[in-house]
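Novice: Need coordinates for the below:
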Amino acid sequence: MSDSTARQPGPGAQPVSAAGWVALGVLLLVYTINFMDRQLFAVLQEQIRADLGLEDWQLGLLGGTMFAVFYATMGLPIAWLADRAHRIRLISAACAVWSVFTALSGAATSFLTMALARIGVATGEAGGVAPSYSVLSDYFPKTRRGFALGIFTIGAPIGLMAGTILGALIADALSWRWAFVILGLPGILIALALLFFVREPVRGRLDRPAPADAPRPRPFDAARAVMTTPTLMLLTAAAAATSFGGYGLYQWIPSFLQRSQGLPLETVGSLLGPIFLVGVLGAVGGGCIADRIGRTHVSAYAHVPAVSLALASPFFLAAILVRDGQLSLLLLVIPVSLSYAWLGPGLAAVQTLSSPQLRSQTAAIIAFFNNLIGFGLGPLFVGTLSDILKAHMSEGEALRMAMAAAAASLLIAAGLFAIAGLTLKRDLNRLGQA
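Specialist: Numbering: from 1, shown residues only. Have a look, this model is predicted:
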């Protein structure tokens, strides 16, 4: 064997190309637009409620359940297509679709017309995330995936910050309708930039090659893989429990600060927005810590999320239960950061456990339950419980108690991640990816 052959990097050890960093940067922008458009509804829902005459349970449907049903359901066929087609073009088209429907949300005049606009946003956003995971896994080797996916997921807190600050500023200066229109349009430019700057990578180029006689993927192979891999089942349940609490809290925090703590919209926008930005520390830090510890203890890709969520829950409860709005904002800094630390490690574990030919579908299946249970039921649970409790206490206190109940679900998620850490190495060994 020649020296040059000996120095060839094996699967998982390859350096990251310049094209990989470009892809990460542009896909990060797409993901940021995704969450900015999603957060707009949450920060503006008090104004939407007053203008359209909606109840809390209807806000929960629009911001959570109705959105999540279409987001999760449409994600499955789109992911099937992404595992067979040009992923970059697919993501670009999806970004353009959800941006147009975000702008159209500003024209809503009733619950029905707002619902139709939200369905359009959800359908577009269903084509953005799972294919992006697949693309990045073909640019970044497994020893860097926790970091890469952690960087990618900082788009969530950055998008939440941008949606909160810009949405509040535009709504205060013009109206909530103009906030949707103005912030919906930049996504179309980002969609074009994706086509121009990012190349479609070779599928599975950084993983162990499949045997020459390996059968071609069949329908439902991804579902079989999830159901027969204990760690993927546990990660699916853990992600759903995390999102139940996380989406339940994040949709209602702007309303909580206004309705329960008495803060005006402009104050919520200017102070809550920067707090969402500290989620960047958690998203990047969680991925980096898991990558470093994971070199010798692969269970870190599940145990880092377990620890971060176990610490986040009591801080969320404290921020909700105090009676001072400024103190609530201060207390939110720690759990907001910790609540994002699960994303990089958890997503990296899912991608490494998945066959390169099935990555988008596997991610979409897990996202289906994650969004249907977490995103679909979390905000609706808080809104419905708030409406029920209004018969026994004030509107502000009813919302406070409903949010406290949602925060407790993060402890269940922490326990599920902890168990997943015990099965992760065994499943990686069985699949030949250790």
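Novice: buried residues in stretch 154-164?
Specialist: For stretch 154-164, the neighbour count (16 or more other Cβ atoms under 10 Å) marks I154, G155, A156, P157, I158, G159, L160, M161, A162, G163, T164 as buried. Backbone N, C-alpha and C define where each C-beta goes, glycine included.
Novice: cool, stretch 105-117 as well?
Specialist: S105, G106, A108, F111, M114, A115, A117.
Novice: Would you reformat those as a markdown table and include distance to F67 and pLDDT?
Specialist: Shown next, in a markdown table, are the buried residues of stretch 105-117 (distance: Cβ to Cβ, whole Å; pLDDT from 0 to 100):
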| residue | distance to F67 | pLDDT |
| --- | --- | --- |
| S105 | 11 | 88 |
| G106 | 17 | 87 |
| A108 | 14 | 87 |
| F111 | 13 | 88 |
| M114 | 11 | 88 |
| A115 | 9 | 88 |
| A117 | 10 | 89 |
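Novice: and those residues as JSON lines, adding secondary structure and distance to G378?
Specialist: Listed next are these as JSON lines, based on DSSP: H, G, I helix; E, B strand; the rest coil; distance: Cβ to Cβ, whole Å:
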{"residue": "S105", "secondary structure": "helix", "distance to G378": "21"}
{"residue": "G106", "secondary structure": "helix", "distance to G378": "25"}
{"residue": "A108", "secondary structure": "coil", "distance to G378": "23"}
{"residue": "F111", "secondary structure": "helix", "distance to G378": "20"}
{"residue": "M114", "secondary structure": "helix", "distance to G378": "19"}
{"residue": "A115", "secondary structure": "helix", "distance to G378": "18"}
{"residue": "A117", "secondary structure": "helix", "distance to G378": "21"}
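Novice: Widest-spaced pair of these?
Specialist: Greatest spacing in those, by Cβ to Cβ: G106 and F111 (15.5 Å).
Novice: show me where pLDDT drops low in the stretch 201-350 of the chain?
Specialist: The model of the stretch 201-350 of the chain has pLDDT under 70 over residues 204-220.
Novice: cutoff 90 now
Specialist: The stretch 201-350 of the chain contains residues with pLDDT under 90 at 201-237, 239-240, 242-304, 323-326, 328-329, 333-334, 336-350.
Novice: can you give me the helices for it?
Specialist: Taking DSSP state H, counting those that start in this stretch, the helices of the stretch 201-350 of the chain run over residues 221-227, 230-259, 265-277, 279-294, 300-321, 325-339, 343-353.
Novice: quick one, what contacts the closest residue to A239 other than its chain neighbours?
Specialist: Of all residues not flanking A239 in the chain, N370 sits nearest, at 4.3 Å (Cβ to Cβ, 6 or more residues apart in numbering). Residues near N370 by Cβ atoms under 8 Å, 6 or more residues apart in numbering: A72, T236, A239, A240, S243.
Novice: Dump those into TSV; add neighbour count and distance to I88 as well.
Specialist: TSV is the format used below for the contacts of N370 (neighbours: other Cβ atoms under 10 Å; distance: Cβ to Cβ, whole Å):
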residue	neighbour count	distance to I88
A72	23	23
T236	24	27
A239	27	25
A240	26	29
S243	25	27
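Novice: Switch these over to JSON lines; also include distance to A306.
Specialist: Formatted as JSON lines, the contacts of N370 follow (distance: Cβ to Cβ, whole Å):
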{"residue": "A72", "distance to A306": "24"}
{"residue": "T236", "distance to A306": "15"}
{"residue": "A239", "distance to A306": "12"}
{"residue": "A240", "distance to A306": "15"}
{"residue": "S243", "distance to A306": "16"}
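Novice: What pLDDT is listed against V181?
Specialist: pLDDT recorded at V181 is 91.
Novice: Count the neighbours of it for me.
Specialist: Number of residues near V181 (other Cβ atoms under 10 Å) recorded here: 17.
Novice: Does it touch G106 like I think?
Specialist: Yes - contact status for V181 versus G106: in contact at 4.3 Å, counting by Cβ atoms under 8 Å.
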